[in-house]
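**Q** model the structure of this input:
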Amino acid sequence: MENIRSLLEPIAAWFNQFNLPEPITHWGHPVMMGIVVFVMGSYVGFAGWRGRVLAATDTEAALKNKADHRKLAPWMFLFIALGYTGGVLSLVMQGQPIFESSHFWTGSIVIVLLSINGFLALFGFKPDKAVMRTTHAYVGSVALALLVIHALLGLKLGLSI
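**A** Predicted coordinates:
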């Protein structure tokens, strides 16, 4: 585990040379990720579920929601993955331990869940694979719910350091 910190310290030192104000270093990650999770994440989840629910009654609206979900979900994953990296770097820049917080571990689990969901979407969606679509919907919902817990743990962590 110390190997990871030693790999990240030169990157953190590079960012530290910019003398960013402490509130940016301390609260930049939570503010930016809050936007991604609560704005983008809630819309992506809403559009995905709305596409499923409306499929039987309003085909046009269902297709639009599914298309929105399909377009935005990969961007949300990218922003969350980049934010995960930024959060870890923020801890290193502030001289905090990486692996000791529940916030780190919930973030790691979310990355795994979203990766599984991306895999399901890429390789498991065929017309006769309704089970895969349902699994995708519930895994994504669990990931979004875990992100809310993750945000609360992050707030607790941010207030403690």
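**Q** verify the stated contact: His69 with Gly48.
**A** Yes - using C-beta atoms under 8 Å, His69 is in contact with Gly48, at 4.2 Å. The way it works is simple: take the backbone N, C-alpha and C, and place the C-beta from them, glycine included.
**Q** ok, those two, which is more surrounded?
**A** Neighbours were counted for His69 and for Gly48 using other C-beta atoms under 10 Å; Gly48 has more, 25 against 22.
**Q** pull stretch 16-27 out as CSV, backbone CA atoms only.
**A** Written as CSV, here are the backbone C-alpha positions of stretch 16-27 (Å, rounded to 0.1, in the frame of the first residue of the first chain):
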residue,chain,number,x,y,z
ASN,A,16,1.3,21.4,-4.8
GLN,A,17,3.8,23.6,-6.7
PHE,A,18,0.8,25.6,-7.9
ASN,A,19,0.1,26.8,-4.3
LEU,A,20,-3.6,26.2,-4.7
PRO,A,21,-5.6,27.7,-1.9
GLU,A,22,-6.3,25.2,0.8
PRO,A,23,-10.1,25.3,0.3
ILE,A,24,-9.6,24.3,-3.3
THR,A,25,-7.3,21.4,-2.3
HIS,A,26,-9.6,20.4,0.5
TRP,A,27,-13.1,20.9,-1.0
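**Q** any residues touching that stretch, and which ones?
**A** For stretch 16-27, contacts defined as C-beta atoms under 8 Å, 6 or more residues apart in numbering pick out 28, 90, 93-94, 158, 161.
**Q** go again with 6 Å.
**A** Met93 (C-beta atoms under 6 Å, 6 or more residues apart in numbering).
**Q** distance from that stretch to the middle of the chain?
**A** In this view, stretch 16-27 has its centroid 23 Å away from the chain centroid, taken as C-alpha atoms, centre = their mean, to the nearest Å.
**Q** I'd like the average pLDDT over it.
**A** For stretch 16-27, mean pLDDT rounds to 90.
**Q** who does the longest helix anywhere in the chain touch, helix- and strand-wise?
**A** Longest helix in the chain by number of residues (criterion: DSSP state H): helix 59-93. Applying 3 or more C-beta pairs under 6 Å, 6 or more residues apart in numbering; DSSP states H and E, we find helix 59-93 packed against helix 2-16, helix 22-35, helix 42-54, helix 102-123.
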